[in-house]
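Trainee: After the sequence you'll find the predicted model.
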Amino acid sequence: MTPLKDRYTTVAIGLHWIIAALMIYMLFWGEDLIRIPRGSDDTFGPSLHITIGVTILLLSIFRLAWRFMNPPPPLPASMTRWEALGAHVLHVLFYVLMIGLPLTGWLTLSRFSESRPGVQNAEAFGLFHLPALSTSIPFGGLHGLGANIAIGLLALHVLAALKHQFIDKDNILSRMRPM
């Protein structure tokens with residue numbers, strides 16, 4: 001077993017897996033949630049999409065703050081410079097997407113609501129409507145592009161973790177494994 005100093009904190013591990021599960025769900029099934037059949041006033045799917053997006057945004061901001069206050073354990077000494085740089089860049093891009101995707105979704109929703117008088121933003125958590133953010137820029141394309149980039153990064157992240165675990169045998173998965 002990896003010594004405790006080589007592991008992420010319990011909070012970081014919990015946030016990693018919760019955000020990962022929510023992101024994976026949204027990346028592969030999130031678009032289905034926002035499709036409302038014509039003539040239907042059912043907003044459960046879009047509300048769930050928004051709720052999960054807001055949850056990812058809030059948890060990601062908390063996770064980033066936690067990371068600044070609790071630096072991650074050092075990378076294994078067996079990692080090459082390019083692997084360490086790649087890991088750093090990948091994590092930075094993940095944070096950009098974990099915060100940027102919900103924000104571009106919110107901006108897209110705001111623009112949609114502004115263009116259809118009388119249409120109100122769907123609820124988040126079943127408690128409140130997100131306030132509309134004024135924008136003249138269509139962020140829907142950027143939101144979709146970000147989701148596609150996130151899918152590619154997710155695949156790269158999983159493949160890198162598996163490579164380190166099973167080829168390099170540096171026990172990297174134990175750093176983020178729940179106890």
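Mentor: Arrived safely. Numbers count the residues shown, from 1 in each chain.
Trainee: what's the following helix or strand after the helix or strand bottoming out on mean pLDDT in the chain?
Mentor: Across the helices and strands of the chain, mean pLDDT, DSSP states H and E gives its lowest value to strand 123-124, namely a mean of 80. Later in the chain than strand 123-124, the nearest helix or strand by DSSP states H and E is strand 128-129.
Trainee: Same question for the next helix or strand after that next one: list its buried residues.
Mentor: Following strand 128-129 in sequence order, the next helix or strand is helix 140-162 (DSSP H and E). Judged by neighbour count using 16 or more other C-beta atoms under 10 Å, the buried positions of helix 140-162 are Leu142, His143, Gly146, Ala147, Ala150, Leu153, Leu154, His157, Ala160. (C-beta placed from N, C-alpha, C; glycine too.)
Trainee: I figured the fourth one was touching Phe28, is that so?
Mentor: No - under the contact definition of C-beta atoms under 8 Å, Ala147 does not touch Phe28, with a separation of 9.5 Å.
Trainee: got the residue ranges for the helices in the chain?
Mentor: Remark: helices assigned in the chain by DSSP state H are 10-33, 44-69, 81-115, 140-162.
Trainee: which residue lies farthest from the center of this structure?
Mentor: Gly39 (31.8 Å; C-alpha atoms, centre = their mean).
Trainee: Phi and psi next, for that residue.
Mentor: With angles defined as degrees, to the nearest 10, Gly39 sits at phi 80, psi -10.
Trainee: Low-confidence ranges, the chain, go.
Mentor: Along the chain, the model assigns pLDDT under 70 to residues 1-4, 112-122.
Trainee: Just list the residues touching Phe139, thanks.
Mentor: By C-beta atoms under 8 Å, 6 or more residues apart in numbering, the residues touching Phe139 are Thr104, Gly105, Leu107, Thr108, Arg111.
Trainee: I'd like to know how far it sits from His164.
Mentor: 35 Å (C-beta to C-beta, to the nearest Å).
Trainee: just Leu153 next, same as before
Mentor: Leu153 is 16 Å from His164, by C-beta to C-beta.
Trainee: next one: Ala155
Mentor: 15 Å.
Trainee: cool, and Leu103?
Mentor: Leu103 is 31 Å from His164, where distance means C-beta to C-beta.
Trainee: Give me the more crowded residue out of these two.
Mentor: When Leu103 and His164 are compared for neighbours, His164 comes out ahead with 21 against 16, by other C-beta atoms under 10 Å.
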